[in-house]
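In: I would like to see how this sequence folds:
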Amino acid sequence: MDLTLFDDVLILLEEGNMSRAARRRNVTQPAFSRRIRSFEHWLGRPIVSRSANRVELEPALRANSAELQALVGHVRELRGRIANYDPARTTLTIAAQHSVMISALPDFIGSLRPKFEKVSFRVRAANHNDCLSLFLSGEASVLMCYERDSDVEMPFGAGVSRAIWGRDRLVPVLGGSLRFAISDTGKVPENVPIIRYPATSFFAEMLEQGAPAYSAHKGPVIAESAFTAGMKAMAVAGLGLAWLPMSLIYADVQSGTLLVCNTESSALQMRISLFARVSNPTAQAICTL
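Out: Just a heads-up that it's a prediction; the model follows:
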């Protein structure tokens, strides 16, 4: 399949004009027009309406532009996979919490590359419950997620092996001008705004159970989000107090951009756990390193 004609149509959609599209494709306008006619012949219907003075894109083309672009991308990806097929290469799907994907997953995959050169990784980032669903349904062979240190281990059966990749902690931090609100003892004034996790989110449930300072804070809620990277940006901007994984904010703490509030019982200790299906030898090998 020659994708040139599809590329022509995509450029025409972007430009909305035959002359500009022809210039971008480095061909004359008559030549470009002939290529568009070839696409129309393949499609079996016009994609432009032609009159004496102008050319208009058909609504059907505009309405399906996203699907056309996705189709071209999928075909190119398929062509690459077939052309570069290696029977010794395998793809391993990892389900990882959003925050883990940012803070821990790059180092995890980087540590695997020397020993698993023939393994490609497909990462499915989601919230904690969705990651569990992906793993339990078999859509992911490896699960990487947080667990609270004092919690009982998740009750997977004998078909799942587990390991601890590392440890982390949720800590309260302030940024911007709010850094100067902390007293010498590290205590945060009650009226400081807070950036909270949604009540039903994984981190909120863990903090409510294991970090009394989180639920006890009486300041106004300036924002609510389960997206830790977004909460970090708001904390750096000085919008409010936020509990964030130390692995995510370590560089900001070191530089002084964020200040950790070292109040008693404020931090929540966590472990970064790995789970693998025993039936998948590659996943099992990765988890037992």
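In: so which residues of this structure form strands?
Out: 48-50, 55-57, 90-97, 119-126, 142-148, 160-175, 194-196, 221-224, 241-245, 258-260, 268-277 (DSSP state E).
In: with adjacent residues omitted, what lies nearest to the residue nearest to the spatial centre of the chain?
Out: The C-alpha lying nearest the average C-alpha coordinate of the chain belongs to Ala125 (CA atoms, centre = their mean; 5.1 Å). Leaving aside its sequence neighbours, Ala125 sits nearest to Met101 (CB to CB, 6 or more residues apart in numbering; 4.6 Å). From N, CA and C alone the C-beta is placed, and that goes for glycine too.
In: pLDDT at that neighbour, what is it?
Out: Met101 is assigned 90 on the pLDDT scale.
In: and for it, the neighbour number?
Out: 20 (other CB atoms under 10 Å).
In: can you check Arg45 too?
Out: What Arg45 shows, counting by other CB under 10 Å, is a neighbour count of 9.
In: so who does it touch?
Out: Ala60 (CB atoms under 8 Å, 6 or more residues apart in numbering).
In: can you report phi and psi for it?
Out: Main-chain dihedrals, Arg45, degrees, to the nearest 10: phi -160, psi 160.
In: now it: how far from Ser38?
Out: Separation of Arg45 from Ser38 (CB to CB, to the nearest Å) stands at 13 Å.
In: still on that earlier bit, quickly note the distance from the residue nearest to Ala125 to Leu3.
Out: From Met101 to Leu3 the distance is 32 Å (CB to CB).
In: pLDDT value on the residue lying closest to Leu5 once chain neighbours are set aside, please?
Out: In this structure, Leu5 finds its nearest non-sequential neighbour in Phe39, 4.4 Å apart by CB to CB, 6+ apart. Listed pLDDT for Phe39 reads 91.
In: repeat for Val236
Out: 95.
In: quick one: it and Ala242, what's the gap?
Out: Distance from Val236 to Ala242, by CB to CB: 9 Å.
In: who's more crowded, these two?
Out: Using other CB under 10 Å as the criterion, Val236 and Ala242 rank with Ala242 on top: 29 against 17.
In: isn't the more buried one right up against Lys232?
Out: Yes: counting by CB atoms under 8 Å, Ala242 touches Lys232, with 7.2 Å between them.
In: for Ser201, give me its contacts.
Out: 127, 226.
In: change it to 6 Å
Out: Going by CB atoms under 6 Å, 6 or more residues apart in numbering, Ser201 touches Ala226.
In: and it, its phi and psi?
Out: Per-residue torsions, Ser201: phi -80, psi 160 (degrees, to the nearest 10).
In: begin at 45 from now on, thanks
Out: With the count now opening at 45, the last piece we talked about shows up as Ser245.
In: burial measure for the residue nearest to Gly220 when sequence neighbours are not counted, as a count.
Out: Computed as CB to CB, 6+ apart, the closest residue to Gly220 that is not its neighbour in sequence is Gly282, at 1.8 Å. Neighbour count for Gly282, taken as other CB under 10 Å: 16.
In: so how far is Pro264 from Gly282?
Out: Gly282 is 15 Å from Pro264, by CB to CB.
In: and the gap between Leu251 and Leu285?
Out: 12 Å.
In: also Asp296?
Out: With CB to CB as the criterion, Asp296 and Leu285 are 15 Å apart.
In: and the two? Which one has more around it.
Out: Comparing Asp296 with Leu285 by neighbour count (other CB under 10 Å), the higher total belongs to Leu285, at 25 against 17.
In: contacts only, for that one.
Out: 216, 218, 236, 238.
In: go again with 10 Å.
Out: Contact analysis of Leu285 by CB atoms under 10 Å, 6 or more residues apart in numbering lists 216-219, 222, 225-226, 232-233, 236-240, 257-258, 261, 263, 266, 279, 305.
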